[in-house]
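[1] Sequence first, predicted coordinates after that:
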Amino acid sequence: MQDFHHNRAHALLEHAEPVATAEEVQAAVGRVADQLNLRFRDTEEASFPLVLGVMGGAVVFTGHVLPLLDFPLEFDYIHVTRYGDEDKGGQVVWKVIPRQSVEGKTIIVLDDILDEGETLAQVKERLLGMGAKEVIIAVFADKDLGRKKPVQADIVGLTIPNRFVVGFGMDVYGYWRNLPALWAISPEDLKAATLE
Ligand SMILES: O=P(O)(O)OC[C@H]1O[C@H](OP(=O)(O)OP(=O)(O)O)[C@H](O)[C@@H]1O
Ligand SMILES: Nc1nc2[nH]cnc2c(=O)[nH]1
């Protein structure tokens, strides 16, 4: 069984094309942090912003960006998924909702990728519905679909082509969230992995 997963995981990367190097990924994280630091510099707001990482994909992005933020904040996570182990999105499933009150607060939502925008549209709507004062969306990557999305990110680290990508928190069939760079998986390898 281990051999099956080992071979499958490696086969998926066989014809992968680089989208961003590890250095470019880190530069993108830095740009997101700079914009957030600028926004929250000398803030007059009474309470600290609440940063919510959208698990699981945002775990790596969140871990890299948080130490670069230089303003006081609160942190928690929500867990929302719509792709599961697939390469196409389905229904948005909430696994963990905000565990503390968001009422009256400024929320910074951190996510790894804005693709079709269904996930973050629902996240934003739900947080505003729960009384959040403002929801600022910061994503590591925004996929260029060439069409309007149901929600826009306020802060984007990297705009990427319309390919299925892995690395820096993003998985392909559960593998390779741990890659430090970003790779586009070949459609043929994606398909082959579903037939095994
Ligand atoms: O813009 P959308 O088309 O809605 O897709 C974006 C969402 O897809 C990914 O999550 P996924 O459902 O794969 O779960 P994961 O975070 O556990 O990987 C990613 O982390 C975003 O939250
Ligand atoms: N791994 C991964 N997850 C996604 N969720 C939405 N788009 C993507 C993508 O391109 N790659």
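    Yep, that arrived. Numbers count the residues shown, from 1 in each chain. Ligands and ions are numbered 1, 2, ... in the order given.

[2] tell me which parts of this protein are close to ligand 2?
    83, 113, 115, 164-166, 170-172 (C-beta under 6 Å from any ligand atom). To be clear about C-beta, it is placed using only N, CA and C from the backbone, and glycine gets the same treatment.

[3] can we see that at 8 Å?
    57, 82-83, 87, 89, 112-113, 115-116, 119, 143, 163-166, 170-172 (C-beta under 8 Å from any ligand atom).

[4] Identify each buried residue in stretch 97-117, please.
    Across stretch 97-117, burial judged by 16 or more other C-beta atoms under 10 Å covers 98, 102, 105-117.

[5] Out of the residues of the chain next to ligand 2, which are close to ligand 1?
    Within those, those near ligand 1 by C-beta under 8 Å from any ligand atom are 57, 82-83, 89, 112-113, 115-116, 119, 143, 170-171.

[6] Downstream of the longest helix seen in the chain, the next helix or strand is which one?
    For the chain, the helix that runs over the most residues, judged by DSSP state H, is helix 22-39. Under the assignment DSSP states H and E, the closest C-terminal helix or strand after helix 22-39 is strand 50-55.

[7] could you dump stretch 160-177 to PDB, C-alpha only?
    Taking Å, rounded to 0.1, in the frame of the first residue of the first chain, the C-alpha atoms of stretch 160-177 are listed here in PDB:
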ATOM      1  CA  ILE A 160      -1.100  32.300 -11.600                       C
ATOM      2  CA  PRO A 161      -2.300  30.700 -14.800                       C
ATOM      3  CA  ASN A 162      -5.400  28.500 -15.100                       C
ATOM      4  CA  ARG A 163      -3.700  25.200 -14.200                       C
ATOM      5  CA  PHE A 164      -4.200  22.800 -11.400                       C
ATOM      6  CA  VAL A 165      -1.300  23.600  -9.000                       C
ATOM      7  CA  VAL A 166       0.400  21.900  -6.000                       C
ATOM      8  CA  GLY A 167       2.800  22.900  -3.300                       C
ATOM      9  CA  PHE A 168       3.000  25.500  -0.600                       C
ATOM     10  CA  GLY A 169       0.000  23.900   1.100                       C
ATOM     11  CA  MET A 170      -1.900  22.900  -2.000                       C
ATOM     12  CA  ASP A 171      -2.400  19.100  -2.600                       C
ATOM     13  CA  VAL A 172      -3.100  16.800  -5.500                       C
ATOM     14  CA  TYR A 173      -5.200  13.900  -4.300                       C
ATOM     15  CA  GLY A 174      -3.900  14.500  -0.800                       C
ATOM     16  CA  TYR A 175      -0.200  14.600  -1.800                       C
ATOM     17  CA  TRP A 176       2.500  17.300  -2.000                       C
ATOM     18  CA  ARG A 177       1.200  20.000   0.300                       C
END
